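Chemist: Okay, here's the prediction I keep looking at, along with the sequence it came from:
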Amino acid sequence: MPLGKNDPDFKSKLDFARKLIEEAIASEITFSHIVFDSWYTSCDMIDFIDELGRKFISEVKSDLRLLVKHPVSEKEIY
């Protein structure tokens, strides 16, 4: 019987996405941006990509609120 999220080896789609990004970087695959759909857009994923010093392109669901900082003025807005 599958345990799903209760399985100690369970990995979410976001876990797999992070691993793919890390493996691409470790393999020295050349890319300029990470592109993903709105399902993956979350503060955790954006922070993860930012910490890697990478850029991304994604759609954002209309009801999602993200706190972002303007790169020049450093003003934080939702």
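Modeler: That came through, no problem. Residues are numbered from 1 along each chain as shown.
Chemist: what about the helices in the protein?
Modeler: Counting by DSSP state H, the segments of the chain that form helices are 13-26, 43-51.
Chemist: Which one of these has the poorest average confidence?
Modeler: In terms of average pLDDT, helix 43-51 trails the rest of the helices of the chain, at a mean of 90.
Chemist: what angle sits between that one and helix 13-26?
Modeler: With axes from the mean of the first three to the mean of the last three C-alpha atoms, to 10 degrees applied, the angle from helix 43-51 to helix 13-26 works out at 10 degrees.
Chemist: Tell me the buried residues in helix 43-51?
Modeler: Of the residues in helix 43-51, those buried by neighbour count under the rule 16 or more other C-beta atoms under 10 Å are M45, I46, F48, I49. Glycine gets a C-beta too; all of them are placed from N, C-alpha and C.
Chemist: Any chance of CSV for the helices of the chain, columns distance to S73?
Modeler: Putting the helices of the chain into CSV (distance: least, C-beta to C-beta, whole Å) gives the following:
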stretch, distance to S73
helix 13-26, 29
helix 43-51, 18
